[in-house]
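Student: mind folding the following:
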Amino acid sequence: MALKVGIVGLPNVGKSTLFNAITNSKVEAANYPFATIEPNVGVVEVPDERLDKLAKIFGSKKTIYTTIEFVDIAGLIAGASKGEGLGNAFLANIRETDAICQVVRCFDSKDITHVEGSVDPVRDAEIIELELILADEASVKKRIAKVEPKYKAGKDKVIIAEYELLKKCAQQLEDGKMLNKLDFGDEERILLKSFQLLTSKKMIYVANVAEYEVTNDNDYVKDLKKYAEQNNCEIVKISARIEEELSELEPDEKATFLADLGITQPGLEVLIQAAYKTLGLKTYFTAGPQEARGWQFKTGSTAPQCAGIIHTDFEKGFIKADVYDCQDLFLLGDEQKLKAAGKVRLEGKGYIVQDGDVCLFKFNN
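Tutor: Alright, predicted model coming up:
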């Protein structure tokens, strides 16, 4: 299943321009509020040079990259939770996402209006987060009202656990705080995920800067970085306009364009890395003549759990796995040399899969 990231922000901060760039689609990105009406969804491949090298070594007919699904909704404004604007109506579209990417404007422009009348990234971030808090508060209150009669009966342990967690969430939200700042136990986290609350998700800030400021931090970016650090969140600086231009270039042209700007990586790659870090994701590979493929997995996953990402039967019938580090293969050149060098390991059910592992799973049908 693809990693899913929701894109939020005030109107006219560059959300749809960024979405266009990273998904190479063409949705309206106009200079007025609410240009995005219907939610836009785009799936992008995660570039990975390691997978390209594996495909070349194995002569794979197909190369299948891991993917990220981005969901762009209408801009939120202050009062969205009370029906102002259009964004609140589409919050449901990002409730199933794994993380939220908040695009924040960090540039001045006489040509692009700002709904608040001035550029202030910290204020803008706080507006968005307050609207998410208020939306969650309404959802939690509604769920409490539904669960409370059964809770008072005091017979169902699942209902009791749900009610107590809801009350814990309600207090945090009433205090004006995001749920992702609360500590939860393992069982609470499983239950919390079923609630699909927006503020329980990890947040990534995207500081959208002007083209000429992409290699240095202006005061707006510095303020947002401090805010992100206080909230223990990742922040990525991107020029949505540059990303849009990059999306229209051929690979060799992209490299020249980036070099001319003094940029080492496209913003999309930096954003993907931030998403992986935020969610604790890594990649393992399967490779052969038919296909070379990358698979996303959570840090700390065992070999059977990673096998189950391919197919549930692989986890149920897991026996062993042949495993080696892709870097060892790149160094030695082929699997025969790897085996001769003792670099291919036979791992059991307790093995914790590492980023860059190449795995061949053995299982019972």
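Student: which elements pack onto the helix ranked longest in the chain?
Tutor: Looking across the chain with DSSP state H, the single longest helix is helix 121-153. Packed against helix 121-153, as judged by 3 or more C-beta pairs under 8 Å, 6 or more residues apart in numbering; DSSP states H and E, are the following elements: strand 99-105, helix 157-174, helix 186-195, strand 202-208, helix 219-230. (Each C-beta comes from the backbone N, C-alpha and C, glycine too.)
Student: how far is that helix from where the chain is centred?
Tutor: With C-alpha atoms, centre = their mean, to the nearest Å as the basis, helix 121-153 stands 22 Å off its chain's centre.
Student: quick one: mean pLDDT over that helix.
Tutor: The average pLDDT within helix 121-153 is 92.
Student: from residue 236, how far off is residue 3?
Tutor: Distance, residue 3 to residue 236, using C-beta to C-beta, to the nearest Å: 15 Å.
Student: all strands for the protein, in order.
Tutor: Counting by DSSP state E, the segments of the chain that form strands are 3-8, 40-45, 62-64, 67-72, 99-105, 202-208, 234-238, 281-287, 291-298, 318-325, 345-347, 357-363.
Student: out of those strands, which is the most enclosed?
Tutor: Stretch with highest mean neighbour count among these: strand 99-105 (a mean of 26; mean count of other C-beta atoms under 10 Å).
Student: helices and strands around that one, which ones?
Tutor: Helices and strands touching strand 99-105, by 3+ C-beta pairs under 8 Å, 6+ apart, are strand 3-8, helix 121-153, strand 202-208, helix 267-279.
Student: so which of these is nearest residue 43?
Tutor: Shortest distance between residue 43 and those, using C-beta to C-beta, is found for strand 3-8: 9.4 Å.
Student: with just CA atoms, put that closest one into CSV.
Tutor: What follows is strand 3-8, C-alpha atoms only, in CSV (Å, rounded to 0.1, in the frame of the first residue of the first chain):
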residue,chain,number,x,y,z
LEU,A,3,2.4,5.9,1.6
LYS,A,4,-0.4,8.6,1.7
VAL,A,5,0.3,12.3,2.4
GLY,A,6,-2.3,15.0,2.7
ILE,A,7,-1.4,18.6,1.6
VAL,A,8,-2.9,21.4,3.5
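Student: okay, now the sheet partners of that strand, with direction.
Tutor: Strands adjacent to strand 3-8 in the sheet, as given by DSSP bridges, are strand 67-72 (parallel), strand 99-105 (parallel).
Student: and the angle from that strand to helix 267-279?
Tutor: Between strand 3-8 and helix 267-279, the angle comes out at 110 degrees (axes from the mean of the first three to the mean of the last three C-alpha atoms, to 10 degrees).
Student: any idea of the mean pLDDT in strand 3-8?
Tutor: Strand 3-8 comes out at a mean pLDDT of 88.
Student: any idea how far residue 127 is from residue 121?
Tutor: 11 Å.
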